[in-house]
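*Asks:* The following block contains a protein sequence and its predicted model.
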Amino acid sequence: MNFSKRLRELREDRGLSQEELAKLLDIPRSSLTHYEDEDDERLPRKNRLYEIADFFNVTVDYLLGRTEEKNLTETEQLFVEDSNTLTVDELQEKYKLLVDGKPATKEEIEGVKAFIRSLRGMK
């Protein structure tokens, strides 16, 4: 399922009209109409995509049709939370992080933490 179908399905599941959703997201209704048009492959800009995902409490990957899972797994949520409080060594000990089947290096784990921070900064 593509973005336009997912967005329409999520909106309808909440019982919202396009006008109501546009007001709640503070976007023009015409933008929402384009997003839901299956013949128009236009996607929202990154920040707006995050806002839509947050509004519906789903992942961006779900919105884009890359997964059928609407939410992060419990382990994924814990990892994101732990990335703020645990050291690199503690993260490695707790999660046994692997890259290509080998234990992740400190530099790789720091890169993951930096990536999570950059995603949070985009919201």
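*Replies:* Received it, and whenever you're ready, just let me know what you need.
*Asks:* which helices and strands sit right next to whichever strand or helix holds residue 53?
*Replies:* Assigned by DSSP states H and E, residue 53 falls within helix 46-56. Under the contact criterion of 3 or more CB pairs under 8 Å, 6 or more residues apart in numbering; DSSP states H and E, helix 46-56 touches helix 18-25, helix 60-63. No exception for glycine: its C-beta is placed from N, CA and C like everyone else's.
*Asks:* hey, least reliable of these by pLDDT?
*Replies:* Lowest mean pLDDT within the helices and strands packed on helix 46-56: helix 60-63, at a mean of 88.
*Asks:* quick check, distance from that helix to the centre of its chain.
*Replies:* Centroid separation between helix 60-63 and its chain, computed with CA atoms, centre = their mean, to the nearest Å, is 6 Å.
*Asks:* Give me the buried positions along it.
*Replies:* 60, 62-63 (16 or more other CB atoms under 10 Å).
*Asks:* and it, what other elements does it pack with?
*Replies:* helix 3-13, helix 46-56.
*Asks:* for stretch 14-27, which positions count as buried?
*Replies:* In stretch 14-27, counting by 16+ other CB under 10 Å, buried: 18, 21-22, 25, 27.
*Asks:* let me redo that: stretch 73-86
*Replies:* 79, 83, 86.
*Asks:* re the thing from before, ok, the buried residues of helix 60-63 vs residue 52, which is closest?
*Replies:* Using CB to CB, residue 63 comes nearest to residue 52 of these, at 6.4 Å.
*Asks:* any idea how far the closest one lies from residue 48?
*Replies:* 11 Å (CB to CB, to the nearest Å).
*Asks:* Please apply the same query to residue 98.
*Replies:* Taking CB to CB, one finds residue 98 at 34 Å from residue 48.
*Asks:* do the same with residue 67
*Replies:* 20 Å.
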